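Q: Predicted model follows, preceded by the sequence.
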Amino acid sequence: MNYREIIDRYLQLQGHKALQLRAVLFDMDGVLFDSMPFHAKAWSQVMTDAGFHFTQEDVYMNEGRTGADTINTASLAQFGKPSTPEQIDALCKAKCDIFATYPETPRMRGALELVTKVKACGLTPMIVTGSGTPTLLDRIQSNFPGIFDEGHIVTSFNVKRGKPYPDPYLLALEKGGFAPNEAIVVENAPLGVTAGVAAGLFTIAANTGPLNPEVLYNAGANMVFPSVEAIENDWENLLAALTA
């Protein structure tokens, strides 16, 4: 992978003279935490029980949406109408209840090392997630102590429109005081990639799920790595290209 060529194509497309990197915006589930298998299992079970055809692969394809968006998208596609607020609340609660019964998900392999390197080189690490569980902040602080502060985290509670809309990433830029050419995105899901690209950000995908890498490239990813650990292993070379 020729980092410099890829970066130059992005700069030309966006009309920037250079990347002036100040921040790295991380998705959470599937990037920082190896939690997507549990999310996929819980969502598939709840939606199937409610009469939807919703496989675990469907969960990966919809990853990044808010819970309400996930349910409404499936309802419109399969039944031709949006879900009621009552159904959305019930399904979201049922999904959270099931997810809470699973063991605590571990950090994604390489994630702690990567965010530590990001912070050590003077960049601001941020989190932009479609999740919004009450324990989210505690989980982040206990697993990534001293890395992320609350002012640099965007959750589903902060936006009306989640991924694939650019709103979560645009809000992250606003909260951090960054321009689009001053930050990059690390995502794992097609909708998250689409959101990052729509916000004008250089977007790197870590393919930590079951999807073909082409799905992530087709969503607009500038680069696709096979894992978070692969990004961490070559961070120094990637950083050199990003800051050249």
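A: On my side now, so go ahead.
Q: Isn't residue 35 up against residue 103?
A: No: contact criterion C-beta atoms under 8 Å: residue 35 and residue 103 do not qualify, at 10.5 Å. In this view, the C-beta of every residue, glycine as well, is placed from N, C-alpha and C.
Q: more crowded one of these two?
A: Relative neighbour count places residue 35 above the other of residue 35 and residue 103, with 21 against 6, counting by other C-beta atoms under 10 Å.
Q: Check the closest residue in space to that one that isn't next to it in sequence and give its pLDDT.
A: Computed as C-beta to C-beta, 6 or more residues apart in numbering, the closest residue to residue 35 that is not its neighbour in sequence is residue 105, at 3.8 Å. Per-residue confidence at residue 105 stands at 88 (pLDDT).
Q: Next up, the contacts around residue 105.
A: Taking C-beta atoms under 8 Å, 6 or more residues apart in numbering as the criterion, residue 105 is in contact with 33-35, 38.
Q: Can I get those residues in CSV including pLDDT, secondary structure and distance to residue 118?
A: Shown next, in CSV, are these (pLDDT from 0 to 100; DSSP: H, G, I helix; E, B strand; the rest coil; distance: C-beta to C-beta, whole Å):
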residue, pLDDT, secondary structure, distance to residue 118
33, 95, strand, 17
34, 93, coil, 19
35, 85, coil, 20
38, 89, helix, 26
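Q: Now rank the residues you listed by neighbours and give me the top one.
A: Highest count within those by other C-beta under 10 Å belongs to residue 33, 23 neighbours.
Q: residue boundaries of the strands in this structure?
A: Using DSSP state E, the strands of the chain run over 23-26, 124-128, 153-154, 183-187, 202-206, 223-225.
Q: Listing partners with orientation, what would you give for the fifth one?
A: It stands for strand 202-206. Based on DSSP bridges, the pairing partners of strand 202-206 within the sheet are strand 183-187 (parallel), strand 223-225 (parallel).
Q: Next, the angle strand 124-128 makes with the longest one.
A: In this case it means strand 183-187. Between the direction of strand 183-187 and that of strand 124-128, the angle (axes from the mean of the first three to the mean of the last three C-alpha atoms, to 10 degrees) works out to 50 degrees.
Q: Write down the beta-bridge partners of residue 33, one by one.
A: Going by DSSP bridges, residue 33 is paired in beta bridges with residue 29, residue 107.
Q: ok, it touching residue 144?
A: No: assessed by C-beta under 8 Å, residue 33 is found out of contact with residue 144, at 9.8 Å.
Q: For those two, list the residues in contact with both.
A: 107, 111.
Q: before we move on, back to that, save the strands of the chain as JSON lines, and put in mean neighbour count and mean pLDDT too.
A: Supplementary listing: the strands of the chain in JSON lines, determined by neighbours: other C-beta atoms under 10 Å; pLDDT from 0 to 100:
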{"stretch": "strand 23-26", "mean neighbour count": "24", "mean pLDDT": "98"}
{"stretch": "strand 124-128", "mean neighbour count": "25", "mean pLDDT": "97"}
{"stretch": "strand 153-154", "mean neighbour count": "22", "mean pLDDT": "94"}
{"stretch": "strand 183-187", "mean neighbour count": "27", "mean pLDDT": "98"}
{"stretch": "strand 202-206", "mean neighbour count": "27", "mean pLDDT": "98"}
{"stretch": "strand 223-225", "mean neighbour count": "21", "mean pLDDT": "98"}
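Q: Let me know which of those is the nearest to residue 214.
A: Evaluated over these, closeness to residue 214 peaks at strand 223-225, with 8.7 Å, by C-beta to C-beta.
Q: Identify the residues contacting the lowest-mean-pLDDT helix or strand in the chain?
A: Within the chain, confidence by mean pLDDT, DSSP states H and E is lowest for helix 56-62 among all helices and strands, at a mean of 85. Counting by C-beta under 8 Å, 6+ apart, helix 56-62 makes contact with 36, 39-41, 43-44, 70, 73-74, 189-191, 209-211, all of which sit outside it.
Q: Much appreciated, bye for now.
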